Every structure is written in C-alpha cells, then in structure tokens.
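Enquirer: what follows is a predicted protein model with its sequence.
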Amino acid sequence: MGGLIPGPAVIRKSEKSRVIKASDIGCGAYNSFAVDKDGNLWSWGANSYGECGQFDNAGEDRALVLYPTLVESMQQEGSRQITHIEGGAHHTIAVTSDGECLVWGRCDGGQTGIELSKMNKDHVITSSGSTASEVEKKDGSVETRTYKILSHPTAIPTVGTYLNKGHDH
C-alpha cells in the first residue's frame, strides 16, 4: 500500500531549512499559505497579482515565490497575528486575532470588497507595459486593458470576523 504520508511542513529559505508548526493552512488557485503557531503568515506560489503578500515583484508576468516565505507586510503596522487564511484566483483574505478581515491582491473586479475609489492610492499598483494586455473589440479597434493590485493588507471596513471564500470573488 503506497501513497502520501502526512508530515511536518519544512520551511526553506535558500539553503537553510526550518520546521514550523502550522495552526492553519489555506490556498488560492495557484498559491499556498501556512499560519504558524505564533500567527505569522508564510506564503509561496504564483504572485503576479501580489496574492502571496510579497509585493516586490507584484505586477510582473510569471512572478513566483519559490519557497515558503514570511509575509513581512503583516509586520509593518505592528504585529498582526493571522488566525485564518484563504485565497482566491488572484487575491487573498485573512482574519486576524483582533477580528480584522484583511484583503490584498487583484482588486479591479470587486474581489476585495473595497471600492477602488476608497483605496489608498499609494497601495494600488496599476499594470503597464508588458503586463497590460491589448484586446481587440468587436468594431476592430484595440483596447489596452490594465489591472489593479492592492499591495498592502487592508482591512475591509464593513466586515467583522465572518469569512467565506471562492475562487474568483
């Protein structure tokens, strides 16, 4: 009888390895998350829309986080301890120990539950250059489409600790 054998997650950062005890795990369509026993968030996988919470290469084609990496953006405004995490296709939602519901990632399709006009403009990345796409319209004209990325874990002002998830919305 063969098959997978559950074991501890090994968090690798370059050549060093470390075993963490996960209190929660989650995934998006193309990425994964682990919350350690101290409430720190680790992420890896596709990151073109910043969905891993790593914003250095967000907006780039084929942006990847190759190894489980600590999400430093959670520590920028004090220590936010994550209790639950889920991902969509290109965005992420998390609940903190204080009851905040945080979102980040692609935000131009209503995924975050926050109107674009109400977002801090310093926290929104707009695609350009190779990341923008040209689409031919029915009348033959070409339209350049861009997308927007919320590049900072942001609390949804109207949501408490309720959490639901889906692949795109």
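Expert: That came in fine, so what should we check first?

Enquirer: switch to C-alpha atoms for all contacts and neighbour counts from now on
Expert: OK.

Enquirer: pLDDT averaged over stretch 49-67 - what is it?
Expert: If you average the pLDDT over stretch 49-67, you get 88.

Enquirer: can you check stretch 88-100 too?
Expert: Stretch 88-100 shows a mean pLDDT of 92 in the predicted model.

Enquirer: what's the span of that stretch, first residue to last?
Expert: Start-to-end span of stretch 88-100 (Cα to Cα, to the nearest Å) is 18 Å.

Enquirer: distance from it to the middle of the chain?
Expert: 9 Å (Cα atoms, centre = their mean, to the nearest Å).

Enquirer: list the buried ones in it?
Expert: Residues of stretch 88-100 classed as buried by neighbour count (16 or more other Cα atoms under 10 Å): 88-96, 99-100.

Enquirer: what's the answer for stretch 42-57, then?
Expert: 42-55.

Enquirer: mind putting those residues into JSON lines with secondary structure and distance to V71?
Expert: Below are the buried residues of stretch 42-57 laid out as JSON lines (DSSP: H, G, I helix; E, B strand; the rest coil; distance: Cα to Cα, whole Å):
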{"residue": "W42", "secondary structure": "strand", "distance to V71": "6"}
{"residue": "S43", "secondary structure": "strand", "distance to V71": "7"}
{"residue": "W44", "secondary structure": "strand", "distance to V71": "10"}
{"residue": "G45", "secondary structure": "strand", "distance to V71": "13"}
{"residue": "A46", "secondary structure": "strand", "distance to V71": "14"}
{"residue": "N47", "secondary structure": "coil", "distance to V71": "12"}
{"residue": "S48", "secondary structure": "coil", "distance to V71": "15"}
{"residue": "Y49", "secondary structure": "coil", "distance to V71": "15"}
{"residue": "G50", "secondary structure": "coil", "distance to V71": "11"}
{"residue": "E51", "secondary structure": "coil", "distance to V71": "11"}
{"residue": "C52", "secondary structure": "coil", "distance to V71": "8"}
{"residue": "G53", "secondary structure": "coil", "distance to V71": "6"}
{"residue": "Q54", "secondary structure": "coil", "distance to V71": "6"}
{"residue": "F55", "secondary structure": "coil", "distance to V71": "10"}
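
Enquirer: would you mind giving the residues you listed as TSV with distance to P153 added?
Expert: As requested, the buried residues of stretch 42-57 are arranged in TSV below (distance: Cα to Cα, whole Å):
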residue	distance to P153
W42	14
S43	14
W44	16
G45	18
A46	17
N47	14
S48	16
Y49	13
G50	10
E51	10
C52	11
G53	8
Q54	10
F55	11
